[in-house]
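A.B. asks: mind looking at a prediction? Sequence and model below.
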Amino acid sequence: MTDKEVMLVVLNELISIRKNCSSLLNKIEEQRETLEAAITQPDPEPLWIRNREGKLELHAAQKKEWVGLTDEDIAKNIYVEGEFMLPYSFASSIEAKLKEKNNG
């Protein structure tokens, strides 16, 4: 094998390694973003419950499932007296509907 053939084999191996590293780095970045998002979420408040003997027990608070808007909810909030709402009014009405659906 000539020197150039050896160099070509090495070059192809380096390209293959770089592709694999790039893919691995992308996966690492995705996992980092997922972990960062989970870490920044506030912890739910603990919940104290009395058992049958009257002693307090600590229970993890239940996380509430987020309730979004249906297409019907949005459609009902687009118009006021037959006219389209201004963007600020529309956003305010959507926010109020989300608060109502999520007990907030």
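C.D. replies: Now that the structure is in, tell me what you want to look at.

A.B. asks: mind checking the SS state of the residue nearest to the spatial centre of the chain?
C.D. replies: The residue lying closest to the centre of the chain (C-alpha atoms, centre = their mean) is residue 37, at 7.0 Å. Residue 37 falls in the helix class when you classify it by DSSP: H, G, I helix; E, B strand; the rest coil.

A.B. asks: if I look at it, how far off is residue 65?
C.D. replies: According to C-beta to C-beta, to the nearest Å, residue 37 stands 17 Å off from residue 65. All C-beta spots, glycine's among them, are computed from the backbone N, C-alpha and C.

A.B. asks: cool, residue 92 as well?
C.D. replies: On the measure of C-beta to C-beta, residue 92 and residue 65 end up 24 Å apart.

A.B. asks: these two: which has the busier surroundings?
C.D. replies: Neighbours were counted for residue 92 and for residue 65 using other C-beta atoms under 10 Å; residue 92 has more, 13 against 6.

A.B. asks: pull out the buried positions in the helix or strand harbouring the more buried one.
C.D. replies: Assigned by DSSP states H and E, residue 92 belongs to helix 87-101. With burial defined by 16 or more other C-beta atoms under 10 Å, the residues of helix 87-101 counted as buried are 90, 93, 94, 97.

A.B. asks: and that helix, what does it pack onto?
C.D. replies: helix 71-76 (3 or more C-beta pairs under 8 Å, 6 or more residues apart in numbering; DSSP states H and E).
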